[in-house]
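Undergrad: Curious how this folds, go ahead:
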Amino acid sequence: MNLFNLQGRTALVTGGFGGLGLHFARVLAENGARVALMGRRIELGREVAAQLGDAVGRPQDVRAYSIDVTDPVSVRSAFGQLASELGVANIVVNNAGTVARGPSMDLADDAWQSVVDVNLSGVFRVAQMAAREMVRAGEAGTIINISSIVGLRVRTQVVAYAATKAAVVQMTKALALEWAEHGIRVNALAPGYFETDLNREMLRSPVGQALISRVPQQRVGQMPELDGPLLLLASDASSYMTGAVIAVDGGHLVNSL
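TA: Predicted coordinates for the structure are as follows:
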């Protein structure tokens, strides 16, 4: 189990103030990492960071930072604050994401661009800045990009989400190839359907229930079922893994067409 010990490391989680991101932050903190939660709603962020810090008994090790991943200036500022307070992040969970639902013929250009700016360009900005900081500090590290099974197989009426999550898969592989020489590993998690604020309404609708019926395990995932894959990629247990994409989906991807 010492392979999964993250003591002495600094983890960064974007989209960290709720949903999957907050869960990821909790798991990393519970396993010893200093954790920077990053997001746009900074007052909420400070509140949840304080709660998490108290829960793990290390309030000084869990902090919230304001970031807008669509704004390069905001990204640089957040990384600068983080480095001065918790140190260079050597575990990065690139989790910020958004979705626009509806028929593709009706999708407005600004809705398309908003999803691309967060899910693709934002993921690249954070990964690039994280890698630059690691190289500057002479540190190895691990970047975990959060994709989706929708980036590997598609469903209707989420064309921008599907396209960007597929691009994150290919970007993960490209960055893994480039940055291996610097000791930086880049992998991706591709969750199936886990109930969060982003998809709760959809999953409880007739459409969502029909979707769940296609999952071989006949249910959505429970948050703790992501803990093992996350810790694998965040820790030395995956020291020889880079460019990998791990699906956690109850067998959804292997269901028959």
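
Undergrad: ok, residues contacting the one helix or strand G80 maps to?
TA: Element membership of G80 [criterion: DSSP states H and E] is helix 72-85. Helix 72-85 is contacted by residues 10, 12, 36, 38, 63, 65-69, 88-89, 125-126, 129-130, 133 when judged by Cβ atoms under 8 Å, 6 or more residues apart in numbering. C-beta coordinates here come from the backbone N, C-alpha and C atoms, glycine included.

Undergrad: How about stretch 240-256?
TA: The contact list for stretch 240-256 (Cβ under 8 Å, 6+ apart) reads 147, 149, 152-153, 169, 172-173, 176-177, 180, 185-193, 214-221, 225-226, 229, 232-233, 238.

Undergrad: Now intersect those residues with the helices, please.
TA: If you go by DSSP state H, the contacts of stretch 240-256 have 169, 172-173, 176-177, 229, 232-233 in helices.

Undergrad: Strands along this structure, start to end?
TA: Using DSSP state E, the strands of the chain run over 10-14, 34-39, 62-66, 91-94, 141-146, 184-191, 245-248.

Undergrad: Please produce CSV containing those, extended by distance to M202 and mean neighbour count.
TA: CSV is the format used below for those (distance: least, Cβ to Cβ, whole Å; neighbours: other Cβ atoms under 10 Å):
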stretch, distance to M202, mean neighbour count
strand 10-14, 22, 29
strand 34-39, 22, 30
strand 62-66, 28, 22
strand 91-94, 23, 28
strand 141-146, 18, 27
strand 184-191, 15, 24
strand 245-248, 19, 19
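
Undergrad: Turn these into a markdown table, including distance to S74 and mean pLDDT.
TA: Shown next, in a markdown table, are those (distance: least, Cβ to Cβ, whole Å; pLDDT from 0 to 100):
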| stretch | distance to S74 | mean pLDDT |
| --- | --- | --- |
| strand 10-14 | 11 | 98 |
| strand 34-39 | 10 | 98 |
| strand 62-66 | 7 | 98 |
| strand 91-94 | 15 | 98 |
| strand 141-146 | 19 | 98 |
| strand 184-191 | 22 | 98 |
| strand 245-248 | 28 | 98 |
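
Undergrad: okay if I get the ones you listed as TSV plus distance to R204?
TA: Shown next, in TSV, are these (distance: least, Cβ to Cβ, whole Å):
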stretch	distance to R204
strand 10-14	26
strand 34-39	25
strand 62-66	30
strand 91-94	27
strand 141-146	23
strand 184-191	18
strand 245-248	21
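
Undergrad: now for those strands, which one comes closest to V115?
TA: Closest approach to V115 among those is made by strand 141-146 (14.4 Å; Cβ to Cβ).

Undergrad: strand partners of the closest one, parallel vs antiparallel please.
TA: In the sheet, strand 141-146 lines up against strand 91-94 (parallel), strand 184-191 (parallel) (DSSP bridges).

Undergrad: just how off-centre is it within its chain?
TA: 8 Å (Cα atoms, centre = their mean, to the nearest Å).

Undergrad: Just give me how far the least confident helix or strand in the chain by mean pLDDT sits from the chain centre.
TA: In the chain, the helix or strand scored least confidently by mean pLDDT, DSSP states H and E is helix 200-204, which has a mean of 88. Relative to the chain's own centre, helix 200-204 is displaced by 21 Å; criterion: Cα atoms, centre = their mean.

Undergrad: Tell me which residues of that helix come out buried.
TA: In terms of neighbour count (16 or more other Cβ atoms under 10 Å), helix 200-204 has its buried residues at 202-203.

Undergrad: so what does that helix touch, helix or strand wise?
TA: Under the contact criterion of 3 or more Cβ pairs under 8 Å, 6 or more residues apart in numbering; DSSP states H and E, helix 200-204 touches helix 206-212.
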